[in-house]
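Participant: Requesting a structural model of the entry that follows:
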Amino acid sequence: MAAAERIPLNPSTAPVPLRSTSTVDVFEIGYDSLDNVRVAGWYCAPKQAHLAPPYPGLLIVPGYIAEPTLPKSWAQLGYATVGVAPRGKLRSNRQYNPGYPGLLIDNIVDRNTYAYRGFYVDAARAVDFLFTRPEVDRARIGVHGSSQGGALTITTAALRPDAIRCGAAGAPYLCGFMDAAALTHSYPYEEINEYLRRYPDREPAVRETLNYFDGINFAPRIRCPMQVNLGLQDDVCPPETGFAMYDALTGPKTLHTYDGCGHDAGAYWEAARVEAFLAEHLEPASVAGGA
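Facilitator: Numbering: from 1, shown residues only. Here you go, the predicted structure:
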């Protein structure tokens, strides 16, 4: 984070009228991150004619194979929202593109160059983009995502305790990497199993690297309220690892578990709970009119 702070953000914001609506403005954005990688994303905010600023800020962070969300629905609820596209994602892959599968094991034997080092910072640096927006209330910024987005919710809240007011993490990935790889044969964790079948002698180096990036080890740094949801039959991100991360949280926290649910982690029921949780802590106003 200190290395990233020495790199000018160089934010850019370009309006996208064809994606905007009568109540929401949509922009393509960019900013510079660790290793001078240019990171892209979407920024959606209420039209000021429908809702006067300031607005709470919200980061929506993506899953492993998912492209960044165009978060118009959150802007419709009154949030100034960034759909983050960390390196390797669509429009952020010109300088770095390990592929999917590929990201999880790229440079996995060196914590200084491991893929998620820059990936985590890219997500956390989206906070600085929100700080450049005069319509955003810096005291009301949250983060939300599921799967890899759940992991990035945890790491961003941990890396930016100065800024993140609350986080909602679903089915968190990147927690207990090695245990998760042993508990499942589903991708993406199967990338680790395949790598170690090919290079069994590298297991100690892999384990040492992953300890630096494990969400369980980030969790104690989080101070803001966190809401976590898990599917008890999740065969992608084993719930055992989600429970371990939740146990490591030391601040205010809430856990929702869903029996009979896999990697969706009860999204059908959890969506309303997430919306209520974020509204409680970030206090958005509602935009009048339709989408």
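
Participant: For this protein, list the residue farthest from the centre, please.
Facilitator: What lies farthest from the middle of the chain is residue 201; by C-alpha atoms, centre = their mean that is 32.2 Å.

Participant: next one: phi and psi at it?
Facilitator: Residue 201 adopts backbone torsions of phi -70, psi -10, taken as degrees, to the nearest 10.

Participant: and what of residue 172?
Facilitator: phi -60, psi 120.

Participant: Make sure it is actually in contact with residue 152.
Facilitator: No: Residue 172 is beyond contact range of residue 152, at 9.2 Å (criterion: C-beta atoms under 8 Å). Backbone N, C-alpha and C define where each C-beta goes, glycine included.

Participant: Neighbour count for those two, which is higher?
Facilitator: Between residue 172 and residue 152, residue 152 has the larger neighbour count (other C-beta atoms under 10 Å), namely 35 against 30.

Participant: quick one: the more buried one from residue 20, how far?
Facilitator: For residue 152, the distance to residue 20 (C-beta to C-beta, to the nearest Å) stands at 26 Å.

Participant: Next: residue 258.
Facilitator: Taken as C-beta to C-beta, the span from residue 258 to residue 20 is 35 Å.

Participant: Neighbour count: the two, which is higher?
Facilitator: residue 258 (21 against 17).

Participant: Look up the pLDDT of the residue nearest to residue 252 when sequence neighbours are not counted for me, please.
Facilitator: Nearest residue to residue 252 in three dimensions, chain neighbours excluded: residue 225, at 4.1 Å (C-beta to C-beta, 6 or more residues apart in numbering). According to the prediction, residue 225 has pLDDT 98.

Participant: wait, what's in contact with residue 225?
Facilitator: Residue 225 makes contact with 165, 166, 167, 251, 252, 253, 254, 277, 281, according to C-beta atoms under 8 Å, 6 or more residues apart in numbering.

Participant: Secondary structure and pLDDT for those residues - can I get that in TSV?
Facilitator: Output for the contacts of residue 225, formatted as TSV (DSSP: H, G, I helix; E, B strand; the rest coil; pLDDT from 0 to 100):
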residue	secondary structure	pLDDT
165	strand	98
166	strand	98
167	strand	98
251	coil	96
252	coil	98
253	strand	98
254	strand	98
277	helix	98
281	helix	98
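
Participant: ok, and the most crowded of those residues?
Facilitator: Busiest of the contacts of residue 225 [other C-beta under 10 Å] is residue 167, holding 31 neighbours.

Participant: what are the bridge partners for the residue nearest to residue 55 when sequence neighbours are not counted, then?
Facilitator: Computed as C-beta to C-beta, 6+ apart, the closest residue to residue 55 that is not its neighbour in sequence is residue 80, at 4.1 Å. Residues in a beta bridge with residue 80, per DSSP bridges, are residue 57.
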